[in-house]
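Q: Sharing a sequence plus its predicted fold:
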Protein chains: 2
Amino acid sequence: MVLSRTSQYAVQALIYIATQPAGEPVLNRDIAERLNVPAAYLAKILQSLCKQGLLDSFRGRLGGFCLRDGMQKTSLMQVLLLTEGPDFTKSCILGLKECSDHSACPMHFKWVPVKKKIIAMLQEMNLEELAKAVRTGKYRLADLPAAALPA
Amino acid sequence: MVLSRTSQYAVQALIYIATQPAGEPVLNRDIAERLNVPAAYLAKILQSLCKQGLLDSFRGRLGGFCLRDGMQKTSLMQVLLLTEGPDFTKSCILGLKECSDHSACPMHFKWVPVKKKIIAMLQEMNLEELAKAVRTGKYRLADLPAAALPA
DNA sequence: TATAATTCGGACAAAAAACTCTTTAGGAGT
DNA sequence: ACTCCTAAAGAGTTTTTTGTCCGAATTATA
Ligand code: FES
Ligand code: FES
């Protein structure tokens, strides 16, 4: 309803990394397995997040990815601006090029307040808090494996 | 941020048809030109909306598409359930297969209230009202043509 | 120094979404 | 009956997104 698969993988991975001890690199393979997403594809996404400054990467033995220092409090909004592009929040719901009060589609004045709520929500959630929530065990980052479902 | 291009075209076209005199078929060609959208592609979308019961179509001279009788008050939610599929509102923002209180991702309890707002908004907007808004001339369905932009 | 483990980078492949072309069939006017 | 105008249908193309593969570079450790 809102996010590309790439963004979903990125967010899941970042939260997962944030749940792990800071400073200890996490293996791409482990993240992919844990989240049940394609490892090679996830690697690309993580590499891109490195280039964009959210992650640090280390090659060779004891290598892996970890959150760059000071990025614990990165908001989901910041992440999505990287993965969805800088116009993420700027678009008209009907797809018009410009979305502004003086150039409005018929849904504009209903949509804008809702959009503001979405943006506020994305800005107030950060990786550290989400990771903390996951560590309580009450929330999950990936689907239940089929094996765990009732027969 | 929320809708596929197909859905955007569908909604734009339906609103445009609703602005036209009821019972008089509107040409696909005219809709496409007015919305500045690929005609052949739009035709497919309209055909699909016919099959799904929102529109009536007529071939030959004086042919075209018009809203099926009684569909003037169709809500955007109903339209999007057709164009985006019946799971449109059911998805988890992180992409998990199940989105429910007892199987929640870490964003679930923040996301669900916002999602409810989106759904409420989509349910309360219907084609007739949107068309009326467009007829006032204050709102638009398509981008300003490049020719109309300041040089 | 050799080895194993890891990311990096680029090319490639598959799938989905967006869009086009061409032919057929149906309906209105003459 | 004929012609013109329209949507219907289906195959095909292009573009974007998602996903794979492989070889090279980098690093810890034995
Ligand atoms: S112009 Fe369409 S949402 Fe603002
Ligand atoms: S489980 Fe993720 S939004 Fe409900």
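A: That came in fine, so what should we check first? Ligands and ions are numbered 1, 2, ... in the order given.
Q: ok, and the closest non-adjacent residue to residue A:15?
A: residue A:130 (4.8 Å; Cβ to Cβ, 6 or more residues apart in numbering or on different chains). Every residue, glycine included, has its C-beta placed from N, CA and C.
Q: does any part of stretch A:20-35 sit near DNA strand D?
A: No. Counting by Cβ under 7 Å from any atom of the strand, DNA strand D is not contacted by stretch A:20-35; separation bottoms out at 8.7 Å.
Q: What is the end-to-end distance of that stretch?
A: 14 Å (Cα to Cα, to the nearest Å).
Q: picking that back up, helix, strand or coil for the residue nearest to residue A:15?
A: What DSSP: H, G, I helix; E, B strand; the rest coil gives for residue A:130 is helix.
Q: ditto for residue A:16
A: Following three-state DSSP, residue A:16 is assigned to helix.
Q: Quick one: neighbours of the residue nearest to residue A:15, just the number.
A: Residue A:130 has 24 neighbours, counted by other Cβ atoms under 10 Å in any protein chain shown.
Q: Repeat that for the one 5 residues further on.
A: A total of 13 residues lie near residue A:135 under the criterion other Cβ under 10 Å.
Q: Chain neighbours aside, what residue packs nearest to it?
A: residue A:19 (5.6 Å).
Q: Ok, residue A:7 next?
A: Using Cβ to Cβ, 6+ apart, the closest residue to residue A:7 is residue A:83 (4.3 Å).
Q: thinking again about what came up before, wait, the residue nearest to residue A:135 sits on residue A:128?
A: No. Residue A:19 is beyond contact range of residue A:128, at 9.8 Å (criterion: Cβ atoms under 8 Å).
Q: tell me, how many neighbours does the closest residue to residue A:54 other than its chain neighbours end up with?
A: Nearest residue to residue A:54, sequence neighbours excluded (Cβ to Cβ, 6+ apart): residue A:71, at 5.4 Å. As a burial measure, residue A:71 scores 21 neighbours (other Cβ under 10 Å).
Q: now residue A:71: how far from ligand 2?
A: Distance of residue A:71 to ligand 2, given as Cβ to the nearest ligand atom, to the nearest Å: 23 Å.
Q: Now the longest helix along chain A: buried residues?
A: The longest helix of chain A (DSSP state H) is helix A:108-124. For helix A:108-124, the neighbour count (16 or more other Cβ atoms under 10 Å in any protein chain shown) marks A:108, A:110, A:111, A:114, A:115, A:118, A:121, A:122 as buried.
Q: Equivalent analysis for stretch A:40-55, please.
A: Neighbour count says stretch A:40-55 has A:42, A:43, A:45, A:46, A:49, A:54, A:55 buried, by 16+ other Cβ under 10 Å.
Q: Report the mean per-residue pLDDT for that stretch.
A: Averaging pLDDT along stretch A:40-55 gives 98.
Q: what about that stretch, near DNA strand D?
A: Yes. Contact of stretch A:40-55 with DNA strand D (Cβ under 7 Å from any atom of the strand) involves A:40, A:41, A:43, A:44.
Q: Residue A:13 touches residue A:33, doesn't it?
A: No. Counting by Cβ under 8 Å, residue A:13 does not reach residue A:33; the two are 11.7 Å apart.
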